[in-house]
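Chemist: predicted model and sequence follow; I will ask about them next.
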Amino acid sequence: MFKWLGKLFGTRTAVQAGRENPLLLASVKKSSIIYSQIPLRDFISDKVRDELARQLYLEIHGICSSSDPVAACREKLAATMVNFASYQVLVIPPAPEEDSSGLRAQPGISGDLKTYLVRLAKENTQLRSDLYGMMGTLTFVTVWDSVLQLYWKTYWVLETLNAVRVGLGDYAENRDWYKPFLHAACANYEHIYRRELELPPAFDDEVANIATTAYSIFTDVVLSGAENPDAEWRDYYKDCNIPVPHFDT
């Protein structure tokens, strides 16, 4: 799928430099593995796949070539995480259906938003823009299929960037901050959607205001350069009695 690798930059020197970068090579390999494990091929053509893969390569190359690769990676990861969360909370099924993401059991995530897909596709400005041109008649089936396509495209990008992050050593050994960041972004987007739908918050009433504010700030902590964003975020809000997520790994 990366057969175009040697044609990207137009000169042998640039291509060879890319091929000799171990982080870039490891990340490209991981990205290819990720693609093989997800159903994105059911939604896009080989031509679209190759173009997405090319864009991903350029993203990774840009990070590796940056004067501060960790900061560059965090910036791209954060932007992609927020975008991914906007789809993730829409595909989590309501109970008692199985939730493969494991997020529905975490604070602020309900699994109820899938029911409102068509309404959100009409009323949420960003989602309406993302879906523009992807479908004809606005029905649950057409919106669902389009959201799934966007979900898996963004998942591929996000997991690839996460592989770069790990390759850069930007993670915590004991309790990494990637899953808490995913949860925070999803809790924040769930709150945005619920507010637009005029639904009550997914948090208990007594902590709803502080919890929604706290989770919206997690992205800022990531971009601040904190060594461990999750640890710093939890320490800042330790006396606020807000519910926090728990992950087994």
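Modeler: Okay, I see it. Just so you know, these numbers come straight off a predicted model, no measurement behind them.

Chemist: after the host helix or strand of residue 158, next one along is what?
Modeler: According to DSSP states H and E, residue 158 maps onto helix 140-167. Downstream of helix 140-167, the next assigned helix or strand under DSSP H and E is helix 178-196.

Chemist: pLDDT score for the closest residue to residue 103 other than its chain neighbours?
Modeler: Spatial nearest neighbour of residue 103, excluding adjacent residues (C-beta to C-beta, 6 or more residues apart in numbering): residue 109 at 4.8 Å. In this view, the C-beta of every residue, glycine as well, is placed from N, C-alpha and C. On the pLDDT scale, residue 109 is placed at 97.

Chemist: how about the secondary structure of residue 109?
Modeler: For residue 109, the assignment made with DSSP: H, G, I helix; E, B strand; the rest coil gives coil.

Chemist: show me where this protein dips below the pLDDT cut-off.
Modeler: 1-20, 249 (pLDDT under 70).

Chemist: let me see the ranges of the helices in it.
Modeler: 12-19, 22-37, 46-65, 69-91, 117-123, 125-131, 140-167, 178-196, 208-223, 229-236 (DSSP state H).

Chemist: nearest to residue 245, of the ones you listed?
Modeler: helix 178-196 (4.5 Å; C-beta to C-beta).

Chemist: in that closest one, which residues are buried?
Modeler: 178-194 (16 or more other C-beta atoms under 10 Å).

Chemist: could you do stretch 57-64 as well?
Modeler: Buried, per 16+ other C-beta under 10 Å, within stretch 57-64: 57, 59, 60, 61, 63, 64.

Chemist: surely the last one meets residue 24?
Modeler: Yes: distance between residue 64 and residue 24: 5.0 Å, which falls inside the contact criterion (C-beta atoms under 8 Å).

Chemist: which residues do those two both contact?
Modeler: Shared contacts of residue 64 and residue 24 (C-beta atoms under 8 Å, 6 or more residues apart in numbering): none.

Chemist: any idea how far the residue nearest to residue 103 is from residue 67?
Modeler: For residue 109, the distance to residue 67 (C-beta to C-beta, to the nearest Å) stands at 37 Å.

Chemist: who's more crowded, the two?
Modeler: Taking neighbours as other C-beta atoms under 10 Å, residue 109 and residue 67 compare with residue 109 leading, 23 against 6.

Chemist: got the phi and psi for that one?
Modeler: Residue 109 has phi and psi values of phi -120, psi 120 when expressed as degrees, to the nearest 10.

Chemist: wait, what's in contact with it?
Modeler: 89, 92, 103, 183, 186, 187, 190, 202.

Chemist: show the contacting residues for the last one.
Modeler: Same thing as residue 202. For residue 202, the contact set (C-beta under 8 Å, 6+ apart) comprises 107, 108, 109, 110, 112, 187, 190, 191, 194.

Chemist: neighbours around the first one, how many?
Modeler: Spelled out, that is residue 107. Neighbours of residue 107 (other C-beta under 10 Å): 19.

Chemist: make residue 1 into 45 and carry on from there
Modeler: Got it, first residue is 45 now, which makes that one residue 151.

Chemist: how near is the nearest residue to it once chain neighbours are set aside to residue 196?
Modeler: Of all residues not flanking residue 151 in the chain, residue 287 sits nearest, at 3.7 Å (C-beta to C-beta, 6+ apart). Per C-beta to C-beta, residue 287 is found 29 Å from residue 196.

Chemist: residues in contact with the nearest residue to residue 104 once chain neighbours are set aside?
Modeler: Computed as C-beta to C-beta, 6+ apart, the closest residue to residue 104 that is not its neighbour in sequence is residue 71, at 5.0 Å. Residues counted as contacts of residue 71 (C-beta under 8 Å, 6+ apart) are 104, 204, 207, 208, 211.
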